[in-house]
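Chemist: I need the structure of the sequence given here:
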Amino acid sequence: MYKIPEDLESKYAFVSMASSRAEQLQSGALPRVTMPSRKVTIVAQAEVAEGLVEPMDPTALDEAAEGEEE
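Modeler: Prediction:
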């Protein structure tokens, strides 16, 4: 497990950001770190831990959840 950056409020925020970034990587986004792992979840966690992924707006999470319910 990576150390959670100080600007994140909780473990949940870290996991949510890493999950979203892993989906982007799976869809073809280029990784922002160079590492031997080919697993998108590990790469995404490393990117979030290094501060290479911008924190998400909490209201964006709420809006995304509402869109999935419809």
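
Chemist: can you pull out the strands in the protein?
Modeler: Counting by DSSP state E, the chain forms no strands at all.

Chemist: Mind naming the longest helix for it?
Modeler: In the chain, assigned by DSSP state H, the helix with the most residues is helix 11-26.

Chemist: send the alpha carbons of that helix over as CSV?
Modeler: C-alpha atoms of helix 11-26 as CSV (Å, rounded to 0.1, in the frame of the first residue of the first chain):
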residue,chain,number,x,y,z
LYS,A,11,-8.3,6.4,2.4
TYR,A,12,-11.6,6.4,0.5
ALA,A,13,-10.5,9.5,-1.5
PHE,A,14,-7.2,7.7,-2.4
VAL,A,15,-9.0,4.6,-3.5
SER,A,16,-11.6,6.5,-5.5
MET,A,17,-8.9,8.5,-7.3
ALA,A,18,-6.8,5.4,-8.0
SER,A,19,-9.9,3.6,-9.3
SER,A,20,-10.8,6.4,-11.7
ARG,A,21,-7.3,6.6,-12.9
ALA,A,22,-7.0,2.9,-13.4
GLU,A,23,-10.1,3.0,-15.6
GLN,A,24,-8.5,5.8,-17.6
LEU,A,25,-5.3,3.7,-18.0
GLN,A,26,-7.4,0.6,-19.0
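
Chemist: What residues of it count as buried?
Modeler: Residues of helix 11-26 classed as buried by neighbour count (16 or more other Cβ atoms under 10 Å): 13-14, 16-18, 20-22, 24-25. To be clear about C-beta, it is placed using only N, CA and C from the backbone, and glycine gets the same treatment.

Chemist: list the helices and strands it packs on?
Modeler: For helix 11-26, the packing partners by 3 or more Cβ pairs under 8 Å, 6 or more residues apart in numbering; DSSP states H and E come out as helix 40-49.

Chemist: Which strands or helices does the helix it packs on pack on?
Modeler: helix 11-26.

Chemist: What angle do helix 40-49 and the helix it packs on make with each other?
Modeler: Put simply, helix 11-26 runs at 120 degrees to helix 40-49, going by axes from the mean of the first three to the mean of the last three Cα atoms, to 10 degrees.
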